[in-house]
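**Q** No sequence on hand, only this structure:
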């Protein structure tokens, strides 16, 4: 059955075009043209924007659940609330825990990621830890932070290599070089995160293929001094190398609008990637002043963001991908087509998704329709209209 989307403003390849009809069938875009071709179903966009579906490569949960809960309900509910806000592909993220809890979460993802009731595409998991710097734990539980253990990560890959697609780690740790070699060998995307690395550490990892920074400015080192001499940290090194991609939590809290402008000015829409880093309360409303337990790291929802109860650090966001685009365009003054690129084309490239992230013939028909205020009207994924 062929569906056509008419009367929309199509956003793709860093431009906005009108008076084009987009046709899709069996989950694939079949034509983008001014011509009126045969179709079975029509969607009238009524002047709204038509964009590639949003791709979130760093998201822990939503709707009151986290993927680490390791249940069928948690995976479905957490994933599906994000689909309602325009996310068509997600990479469920698992923080640092003991091996047993990590295995339970990965096992559940393996079982349910392709379930028909899961609305967005789940192409694999992002392990955010546990190989991190004790100095940059943020909201991660320090009791679970450790150095790379070959017995542990080799066993995890042996059992869940079809699920693990990305792994964040601290490149300065003992055993980190061998760990990066392992990730490269297995085709897992490596990212530097929760790291106190200096320039030499990042440069060495960069030379060995690590080209992604997990949530820039959150638990990433900056310039320090040794005997009076300044040494670059993760932030400055990521700016120094043009082709390093940087995650940005554009919820308006983790990174204020002016800082988003700075990152965009330096990294451009080629290498700035928007992520939610949403936790259990992602996509929920009326949750201000709620205190929650998260292992040994209790947090509260306050001022539209999750904070550790002592207020010393943020503990993740409650954002959805539409909020990221809205923050970039309405508060940071970034062009809409650039903001869309940073939540579609850039994450698709990072995760090697060859048929996603753009509106092109032959690409997957993952599509979001939204209005001028970035309110999502429809999300289309796997021929489902949400």
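**A** That came through fine. None of these values were measured; they are calculated from a predicted model. Residues are numbered from 1 along each chain as shown.
**Q** roughly how far apart are the residue nearest to residue 374 when sequence neighbours are not counted and residue 15?
**A** Closest residue in space to residue 374, ignoring its immediate chain neighbours: residue 326 at 4.1 Å, by Cβ to Cβ, 6 or more residues apart in numbering. Where you see a C-beta, it was placed from the backbone N, CA and C, and this is true even at glycine. From residue 326 over to residue 15 the distance is 20 Å, taken as Cβ to Cβ, to the nearest Å.
**Q** who's more crowded, those two?
**A** For residue 326 versus residue 15, the count of surrounding residues by other Cβ atoms under 10 Å is larger for residue 326: 21 against 8.
**Q** Where does that one sit: helix, strand or coil?
**A** Under DSSP: H, G, I helix; E, B strand; the rest coil, residue 326 falls in the helix class.
**Q** Does it touch residue 372 like I think?
**A** No: using Cβ atoms under 8 Å as the test, residue 326 is too far from residue 372 to be in contact (10.4 Å).
**Q** Would you state the strands of the stretch 201-350 of the chain in chain order?
**A** 212-213, 224-226, 229-231, 245-249, 272-275, 290-292, 299-302, 305-308 (DSSP state E, counting those that start in this stretch).
**Q** Strand partners (parallel or antiparallel) of the fourth one?
**A** It stands for strand 245-249. Sheet pairing here is set by DSSP bridges, and for strand 245-249 it gives strand 212-213 (parallel), strand 272-275 (parallel).
**Q** highest average neighbour count across those strands?
**A** Most buried of the strands paired with strand 245-249 by mean neighbour count (mean count of other Cβ atoms under 10 Å) is strand 272-275; its value is a mean of 28.
**Q** Give me the distance from that strand to the chain's centre.
**A** Strand 272-275 sits 7 Å away from the centroid of its parent chain (Cα atoms, centre = their mean, to the nearest Å).
**Q** Equivalent analysis for stretch 53-70, please.
**A** 9 Å.
**Q** try stretch 322-330
**A** 15 Å.
**Q** Run through who's touching it.
**A** Stretch 322-330 has contacts (Cβ atoms under 8 Å, 6 or more residues apart in numbering) with 54, 85-86, 250-252, 257, 260, 264, 274-276, 334-336, 338-340, 342-343, 370, 373-376.
**Q** contacting residues for the residue most central in space within the chain?
**A** The centroid of the chain falls nearest to residue 57 when counting by Cα atoms, centre = their mean (2.6 Å). Residue 57 makes contacts with 90, 91, 126, 166, 247, 273, 275, 347, 350, 351, as judged by Cβ under 8 Å, 6+ apart.
**Q** Apply 6 Å and report the result again.
**A** 91, 347, 351 (Cβ atoms under 6 Å, 6 or more residues apart in numbering).
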